[in-house]
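# I'd like to go over a predicted model; first the sequence, then the structure.
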Amino acid sequence: VQMRFDAVRTLSSTRVYWFDDSGRGACRVPAAWHLEVETPEGWTPVELADGSSYGVAPDAFQEVAFAPVEATAVRLVVELADEVSGGILEWEVSGP
C-alpha cells in the first residue's frame, strides 16, 4: 500500500490501525510490516528512532517514529499472517 504526494514532504512518523475481525471472519493483524520511502535510488526502509518498533497489536494504532526524511511517496510493506487476509482501517503519516 502506498501514498504519493503532490510535493516533497518531510515525514517523521506513521501510525496504522490494522483491521482484525477475529471470531467473525478471516482478517487478522499482519505477521510483520515496515515503512519505506521512495528515493531516486528506489524504495528504502526508514531508520526507526530509538525505542520505536513495528507493532502488530489488535484494537490500537501501531505508531513508529523515524529519522525525518523528505519524500514524495511512502509505502507500507506487509507480511500477512498464514492462511488469513489483512486490512487497514486507517493509516497516517506526519512530519516533525
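Happy to help now that I have it. Treat the numbers as computed from the prediction; the structure is a model and nothing was measured.
# just the strands in the protein please.
Secondary structure of the chain, counting by DSSP state E: strands at 2-19, 32-39, 42-45, 62-79, 87-94.
# bridging residues for V69?
L11 (DSSP bridges).
# If I look at it, what pLDDT would I see?
With respect to pLDDT, V69 has a value of 95.
# do the same with I88
95.
# wait, it sits on F19?
Yes - counting by C-beta atoms under 8 Å, I88 touches F19, with 6.4 Å between them. C-beta here means a position set from N, CA and C on the backbone, and glycine is covered the same way.
# rewinding a little: columns distance to G55 and mean neighbour count on top of the strands of the chain, output as a markdown table?
Putting the strands of the chain into a markdown table (distance: least, C-beta to C-beta, whole Å; neighbours: other C-beta atoms under 10 Å) gives the following:
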| stretch | distance to G55 | mean neighbour count |
| --- | --- | --- |
| strand 2-19 | 9 | 15 |
| strand 32-39 | 9 | 16 |
| strand 42-45 | 16 | 11 |
| strand 62-79 | 4 | 16 |
| strand 87-94 | 14 | 13 |
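# Roughly how far does the residue nearest the centre of the chain sit from V37?
Residue closest to the average C-alpha location in the chain (C-alpha atoms, centre = their mean): L76, at 4.3 Å. As for L76, its distance to V37 is 11 Å (criterion: C-beta to C-beta, to the nearest Å).
# ok, now S22?
32 Å.
# Likewise for A73?
7 Å.
# same question, E47
10 Å.
# And the residue lying closest to S94 once chain neighbours are set aside, how far from L35?
Among residues not flanking S94 along the chain, S13 sits closest, at 5.3 Å (C-beta to C-beta, 6 or more residues apart in numbering). S13 is 10 Å from L35, where distance means C-beta to C-beta.
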